[in-house]
Every structure is written in structure tokens, then in C-alpha cells.
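1. sequence unknown, structure follows:
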């Protein structure tokens, strides 16, 4: 007999969904049969499977070790966390339910391929080392990032530590019930704040977007606001308020009005990119997710990487305003 006491990350889901994760190799018909025969019980009583679990509930499985290992052994014995090189994450916010890091440029938010190592794996490593989670608990719930940043965009990446945190923050990003601000260094001089609108069409095959001024099939409306913070030489440091959050929106939208992000190899200016690579060592787009205002008033902020300072410094031989 095995007994599992439901924790807060497992609570809120139906019993049959929980059993489906626990007994991953078993067909649904198996655990429904075990429920009917009272070989699996909830709080000592017969259950149907549609009961919603709460923290502290007891799930007992009157199964032989051989049967349990047959249906759950592979996932229970396999380490649920990929081993990753140890790095020091820059934690910019943490509470009981969520965690926010300052993701460096070059790090994936989530895996694109099975062999990838992403911010998600580093976050799991941090939570394990801090004792926030255990390897055993990862078999039924895995903390995960709630938003995505392009690989070469730095800044705030939020993860749900608990099921509640993951659900609430994923909903907030999906429904845009927060304010998101970025820093960007762009080509040219911008002297006034502006709100720009358009339509974004994505080429999935080439992972590239086009900005249109008029509605079109498969094009989604976009809104971007920005204000200049500093004009140095031939570039402007912008604060960008992302109203809608489409793929590559900031980079493509700014490029479409003649102000591409410095270092952007997809939508940028090749000549300027080469110049900033040579003079300031800029190897990626100078776009940084630096501030979030959550609906409850919480502010999360992450400092821009040193590349921003170096890029502006190398322009000071020009005219600064």
C-alpha cells in the first residue's frame, strides 16, 4: 500500500487527473477500475475520480509494488530534473507563489529542442537547492516560466513556484492585466513620446514578422508606446511600453518606422550592428524587459545589462542631448 498526502501544488485538480500523472503508463480504464474496486481510495472512502483534491487529502493505493512500478516506476525512478551547470541566477523578485529572474541574453526561456538547457531548468535547480521543492514533488507538479522572452532579449522572466502562482501569472500575461516596460537602444534620434499602431503578420516557417499599416488575413493588431530617455550620438535610449505582446513586436515595429534596435540581426541595420560590435562588443539586440507592474500594485524591476552602458559610452564622441 502506498499513501500520498496531497500538497498545495497538487490541490485543485481532479483525482483522476492526478492519478493520470502518478500512473503515467496506465490506461485510464485501469485506475477507474481500481477506484470502483476500492483499491484506490480518497480519505479512506470510495471515490469516482471526479472529486477535486484539496491540500491534506490522503490518496491510498492498495497495489502491489510490482503493479505500481509497472505503471509509475519509470517516471518515479528517473530523475525529473536535467542536470545543468551551476550558475547564479539574478533573482529580482520572489514570494511564496512566484519567482522572477533577470534573464541574460543568450539564454532560452523554455526548451526549443529536447537537448536544450533553458531558464526553466536553471530555475528548477535553484528551487531544489533552496529547498522550496523536492525531486519527489516534481513527479506531479513542475514549476515553470509564465512568459517568454526571445533568446537574445534580456530581462524579467517570471515563473510560477506553486500551481496557484503558475495559473495566476499565466492568466495575467494572457489577459494583459499588467504593464510591461522595456528598454531599447535604437538607431536615429527620437525626441518625442509616441504611440504607434499597426498589424503584425508572422511567417512561422522563417520565424519572421512583417508590419502592415492596414488589416490583412492572419495579421494581428499591435500597439506600442515609447518615450525617449536619452539621445547620444546616432542612437536613442527608449523606454517602450508594450500594450499588445506579439512575437518580435517591439523589434519589428520600431524597425518599420526607421528606428531598428541596435544589435538586431533580423530587423536591424547591418552597418550599425557591425559598428557597435567593433566599438562596444554588442553581440545581441539591445532590448531588455526591465519593469513589470502587476495588477495588485507589485513592481518588479531588473537592471539592464552592461552592454547598454558600453553602447551609449561609445557614442559620447558624438553629440549628447
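-> Perfect, I can see it now. Because the structure is a prediction, the values reported are computed rather than measured.

2. Quick one: low-confidence residue ranges for this structure.
-> Along the chain, the parts satisfying pLDDT under 70 run over 73-82, 317-321.

3. Repeat the analysis, applying 50 as the threshold.
-> Scanning the chain for pLDDT under 50 picks out the ranges 75-77, 318-321.

4. Which residue ranges of it form helices?
-> Using DSSP state H, the helices of the chain run over 15-22, 28-36, 65-68, 74-77, 119-129, 163-175, 249-256, 270-280, 306-313.

5. Leaving out sequence neighbours, find the closest residue to the residue most central in space within the chain.
-> Ranked by distance to the mean C-alpha position of the chain (CA atoms, centre = their mean), the top residue is residue 147 at 3.1 Å. Leaving aside its sequence neighbours, residue 147 sits nearest to residue 173 (CB to CB, 6 or more residues apart in numbering; 4.9 Å). Where C-beta positions appear, they are placed from N, C-alpha and C, glycine not excepted.

6. Can you report how many residues neighbour residue 10?
-> Neighbourhood size, residue 10 [other CB atoms under 10 Å]: 22.

7. okay, now the domains of this protein?
-> The chain breaks down into these domains under automatic domain parsing: 2-77, 91-175, 179-313.

8. Mind putting those into JSON lines with distance to residue 84?
-> Output for the domains of the chain, formatted as JSON lines (distance: least, CB to CB, whole Å):
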{"stretch": "domain 2-77", "distance to residue 84": "20"}
{"stretch": "domain 91-175", "distance to residue 84": "5"}
{"stretch": "domain 179-313", "distance to residue 84": "21"}
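
9. Go through those and name the closest to residue 83.
-> domain 91-175 (8.6 Å; CB to CB).

10. what distance separates the start and the end of that closest one?
-> When the termini of domain 91-175 are compared using CA to CA, to the nearest Å, they are 25 Å apart.

11. returning to that earlier point: does the residue nearest to residue 147 touch residue 149 like I think?
-> No - Residue 173 is not in contact with residue 149 according to CB atoms under 8 Å; the separation is 11.6 Å.
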